[in-house]
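1. below are the sequence and a predicted model for it; my questions follow.
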Amino acid sequence: MLQRFIDAFTKEANQTGIDRLEFYIKECQGQTVQVYKQEVERISLSDETLVFIEGEYEGYKGSTFVESIGSARISEHLNVIRQIAQHNKEPFKPRPTFTAQARTKGIVHELPSIEKVTEWLKQGEQRAYGFDKRVDNVGVSSHTTHREKVTLLGAQGDRLEDTVQFDRVRMSLVARDGAAVQSAFESRLGTSIDQETLLSLADQAAEKVVSQLEASPVKTGQYAIILQNSLVCDLILAFVPGLYADRAQKKMSVLANKVGQTITSSLFSLVEDPHLPSGIVTRSFDDEGTPTQGKAIIEAGRLTTLLHNLETARAFKVQSTGNGFKSLYREQPAVSPTNLYVPSGTYTLPEMMKEMRSGLLITDCDGISAGANSVSGDFSLIAKGYLVENGAIQRAVNQITIGGNYYEMLNNVSVVGSEYATGGSSGGFIQAPSLLVNQLFVSGT
C-alpha cells in the first residue's frame, strides 16, 4: 500500500507542476500491557504509517503531511503544497544526495505476545508483594514495546532505511508501616526486555520502597555525594540540550562559546555512539540524510563539539554531526542525540562508598523537568537516598534538596563507577555509571 501511495502521489504531483518530491516516512508499531492486582488493566496497540512530503512548485518549497495513506486524498495534499509554496515564497533547496549507508535491515524483534507479557507482569507484581508484607500497593506494572522504521526518499530517487526498537518496563509501588508511607518508581529500557529483567526490577523497586519507610532528613550542609547511575542518566538527559547547537544559536546555553574549553572534571567524558550495542537509537543516518557518527562530545573534561544539524552547521560554518532529528514527523529537524554513554571507571558501588567514607548516596530526585535549568545549568531538586558513614549505608534519607550547578558538579567528580544504568527514549538514549562528587550543597533540617 505504501509504495502504491508514493507512486500515485508522485505521478499526480508531476502532472500538476510539483516536482522534486522528498518523502520522510515513519512506520510505527507499538504495544503496551498494564496489569493491576493480577488483572489486565489496559492493552494499547498501535500500527501507523506517517508521511511528510516536501516538493517544489514554481521554484518554491511546499509541504504536507499524511497520517492515513489509505484514505488520503492526494489532490487535497497537492493543493496544500501549492498554497504553502505560494504563501511562504521560500526557495526550494533540495537535500544533498544521501551518502549514508543503513546498517540495520527491518525489524529485528517481533512484538512479544500479549499473553506472555501479561504473565510476566503478573509474576512481577506477585514478586513485589511477596518481597515484604509492608508493600501495600503496586500501582503501575507495565510493559511497552516500540518498533519503528524510518525511510527517506530523495528527489533523485535515492533511498535510506533504518529501524529503532526498544522495550520499557515500569513499576510503581507504595509501602506502608503504620503512619509511615513511601512510594517508589522503577523502570528499565533496552532493545529487548525479558522476564528475568522484569522480575529483577520488581525486587529492586520493593527493596527501595521498604527501605525508605524509616527515612528522615539530614542536617543542611555540604556533603560528599554519590549520584546513583540511574539518577546520573536522568540528570544528563535533563541537561544534554545545552549541547545542542540550535540552543547555542538562540543563546539558550552557557556552552555556546566553550568548544575547546574544559567544562568538567578530567575523569568525565560523554560519548555518542549511534551503533552502541545496548543503545536503542541505533541510526546510520539522521532525518536529513546525513550519516551519523561516533564522537566524544566531552573528552576528559574538554568540550570538543556541539551537536549540529544542517542548519546549525551552516550558521557555525562547520560540518553537520549527523544530529538532525525530528521530534514530530511533520516538523523540520531540530537537534537531538542518538546513543550517549559515559565511559565507566573501575569502582563498584560498595567500593565508591568506601572511597567516600562519609556522605550521601542519592538514588532519586523528584521534579527534574521543573527543577533543572538546561540553559544555565542550575538545579534545585528534591532528593532521597541513604546516609553513608564509614563506607557503609547507615539509614535512609528523604525530604532533602540538592542544589548547585550541573557543570560545577561535574567538575567535582572524583570517582567514576563501573556499573551502568540506562535511560531515555527514541529521542535520545543514555548509559551511565554512578559518580562520586566531592562536594554538593544539601538542604535538610
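-> Noted; the coordinates are in hand. Numbering: from 1, shown residues only.
2. who's in contact with Val415?
-> The neighbours of Val415, taking Cβ atoms under 8 Å, 6 or more residues apart in numbering as the test, are Leu267, Gly345, Tyr347, Met352, Glu355, Met356, Leu435, Leu436. Placement of C-beta: from N, CA and C, glycine included.
3. only the buried subset of the residues you listed, as a ChimeraX command please.
-> In ChimeraX, a selection of the buried entries from the contacts of Val415 looks like this (16 or more other Cβ atoms under 10 Å):
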select :267,345,347,352,356,435,436
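4. okay, the contacts of Val415 in CSV with secondary structure, distance to Leu237 and pLDDT next?
-> Listed next are the contacts of Val415 as CSV, based on DSSP: H, G, I helix; E, B strand; the rest coil; distance: Cβ to Cβ, whole Å; pLDDT from 0 to 100:
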residue, secondary structure, distance to Leu237, pLDDT
Leu267, coil, 20, 98
Gly345, coil, 21, 97
Tyr347, strand, 23, 98
Met352, helix, 22, 98
Glu355, helix, 26, 98
Met356, helix, 25, 98
Leu435, strand, 15, 98
Leu436, strand, 20, 98
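5. make a markdown table from the contacts of Val415 and add distance to Met252 to it.
-> What follows is these, written out as a markdown table (distance: Cβ to Cβ, whole Å):
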| residue | distance to Met252 |
| --- | --- |
| Leu267 | 28 |
| Gly345 | 32 |
| Tyr347 | 35 |
| Met352 | 34 |
| Glu355 | 37 |
| Met356 | 35 |
| Leu435 | 25 |
| Leu436 | 30 |
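6. all helices for the stretch 51-200 of the chain, in order.
-> 74-88, 114-131, 195-211 (DSSP state H, counting those that start in this stretch).
7. dump the ones you listed to JSON lines, plus mean pLDDT and mean neighbour count.
-> Shown next, in JSON lines, are the helices of the stretch 51-200 of the chain (pLDDT from 0 to 100; neighbours: other Cβ atoms under 10 Å):
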{"stretch": "helix 74-88", "mean pLDDT": "97", "mean neighbour count": "16"}
{"stretch": "helix 114-131", "mean pLDDT": "97", "mean neighbour count": "18"}
{"stretch": "helix 195-211", "mean pLDDT": "96", "mean neighbour count": "19"}
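8. among those helices, which is nearest Gln34?
-> helix 114-131 (7.6 Å; Cβ to Cβ).
9. list the helices and strands the closest one packs on?
-> The criterion is 3 or more Cβ pairs under 8 Å, 6 or more residues apart in numbering; DSSP states H and E, and the helices and strands that helix 114-131 contacts are strand 18-36, strand 135-153, strand 159-177, helix 195-211.
10. could you give the angle of it to strand 135-153?
-> Per axes from the mean of the first three to the mean of the last three Cα atoms, to 10 degrees, the angle that helix 114-131 makes with strand 135-153 is 150 degrees.
11. which outside residues touch helix 114-131?
-> Here helix 114-131 has contacts from 31, 33-38, 40, 43, 135, 138, 141-143, 145, 169, 171, 173, 195, 198-199, 201-203, 205-207, 210, using Cβ under 8 Å, 6+ apart.
12. mind redoing it with 6 Å?
-> 33, 35, 38, 40, 135, 138, 141, 143, 173, 195, 198-199, 202, 206 (Cβ atoms under 6 Å, 6 or more residues apart in numbering).
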